[in-house]
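Participant: Pasting the sequence and the predicted coordinates here, then a few questions.
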Amino acid sequence: MLCALQIICLTSVAARAAPTSALSGPSDIPTPTYAEQVIELINSERSNAGRPPLKRAAELDLSSGGHSHRMATADFFGPCDLETHTKPWDRMTAAGYAWNSAGENIAAGYTTPSAAVATWMASPVARNSILSTVFRETGVGYSHQPTDQNNVAMDTNGDCTAESVSGPFYHYWVQDFGMRASVWPLVIAGEAFQVASLQTTLFIYTPTVSSQMRFSNDGLAWSPWQPFTTTQVWNLSPGSGLKTVYAQVYNGAVTYVVSDTVYLNAPGPAAVIVDIGRDPAPVLTWEHQTLNLWYDVYRSTTNPYFIPGTGDAVLTGPAIPAPWSGSKVTFHDISAVLNGIYFYVVRAVAGDGETTADSNRIGYFAFGLVAGD
């Protein structure tokens, strides 16, 4: 199906019966590949349409990557390999993917992931594959052929016979889709490559009858069993880097164990400016900064220049969240004694749950307020 001049996209779908799975940050976090960007864009389109996210499958990466490379180097374009006569489902099977439903979109000529995805979304057939609720998994292949020429054999109807010659295209894209009846994926944050906060959302595909589920960040320490739902808010382990989440889903007879990974790449926190008043106890207020995940309030009764967490400096207001509405955060120190002397620091905690930034120091005296330093 011709989508635009010298830019082509196709889709193919098959099924068989089931038989009786850009923030800047730490230097160790890689840049997402074009394939990874396509998966994020596809899942964004699915989310906009109210569809669940697709999980990336290594086998589908292998089959799609192999086909994009073959098209780029063997000078053909189509769902059928014109030399081997293999079709999408043949390649998926050869890659070790035991599919029950399978599909494929291909494109050529587009220079960016967003352009390729936009073209697929503009094609009714390709769009149907992207938004299909039959599929649970996906993989993407991209190949760049800088010496491409106008000798590309075109098989746009998938019958393994070239009907014309065209090109050069230089850029070849393949997205494979699949469903395995025995695989129920866990997906972190819509299969995003990286997230900016350890607070994230999980999606869990469910066996026909699932009653309980639980989660872990290391596969050893598990949350309590809870009633099954397809979505779950979850905290990744603190600190930037590659994170893994494990899930156990119990269907009354069998416990399925699944996992997914994502990079946590949080920007640094933003220190806040704190004001103080009384009502009648000390009341601290500050403007929430979106870079911050939560706030810890430290208090000392003796030293205005205390270091939070040392001496008599106690954590009197732990993990104060962002406000539900508006931007003002308020903390009432209800443990303060009337006519006491108190010094405060509000520590902002970044999305990684570890990196912090301290506010101005501010004090409350029996006779009035003292400006922060």
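Facilitator: Looks like it arrived, so ask away.
Participant: dump the residue contacts of the residue most central in space within the chain.
Facilitator: When C-alpha atoms, centre = their mean is applied to the chain, the residue found nearest the centroid is A192 (2.2 Å). Going by C-beta atoms under 8 Å, 6 or more residues apart in numbering, A192 touches 40, 43, 262. All C-beta spots, glycine's among them, are computed from the backbone N, C-alpha and C.
Participant: Look up phi and psi at the closest residue to Q289 other than its chain neighbours.
Facilitator: For Q289, ignoring the flanking residues on the chain, the nearest one in space by C-beta to C-beta, 6 or more residues apart in numbering is A270 at 3.8 Å. Dihedral pair for A270: phi -120, psi 120, per degrees, to the nearest 10.
Participant: now V257: how far from L186?
Facilitator: 9 Å (C-beta to C-beta, to the nearest Å).
Participant: And the two? Which one has more around it.
Facilitator: Between V257 and L186, counting by other C-beta atoms under 10 Å, L186 is the more crowded of the two (22 against 11).
Participant: how about that one, what does it touch?
Facilitator: Contacts of L186 by C-beta under 8 Å, 6+ apart are 55, 202-205, 245-247, 258-260.
Participant: Could I get the phi/psi values of it?
Facilitator: Per degrees, to the nearest 10, the backbone of L186 is at phi -110, psi 130.
Participant: On the strand side of things, show who it bridges to.
Facilitator: I204 (DSSP bridges).
Participant: pLDDT value on it, please?
Facilitator: pLDDT recorded at L186 is 98.
Participant: Distance of it relative to P269?
Facilitator: 29 Å.
Participant: Inside strands: which ones of the contacts of L186?
Facilitator: In strands, judged by DSSP state E, the following of the contacts of L186 are found: 55, 202-204, 245-247, 258-260.
Participant: which of these count as buried?
Facilitator: Neighbour-count burial (16 or more other C-beta atoms under 10 Å) applied to these gives 55, 202-204, 245-247, 258, 260.
Participant: Looking at these, which is nearest C160?
Facilitator: Set against C160, the nearest of those by C-beta to C-beta is K55 (30.6 Å).
Participant: what sits against that closest one?
Facilitator: K55 neighbours (C-beta under 8 Å, 6+ apart): 136-138, 185-187, 191, 205, 260.
Participant: Also V233?
Facilitator: V233 neighbours (C-beta under 8 Å, 6+ apart): 199-202.
Participant: okay but T230 is in contact with I204, surely?
Facilitator: Yes - if you go by C-beta atoms under 8 Å, T230 and I204 touch, sitting 5.7 Å apart.
Participant: P32 reaches Q194, doesn't it?
Facilitator: Yes - contact criterion C-beta under 8 Å: P32 and Q194 qualify, at 7.3 Å.
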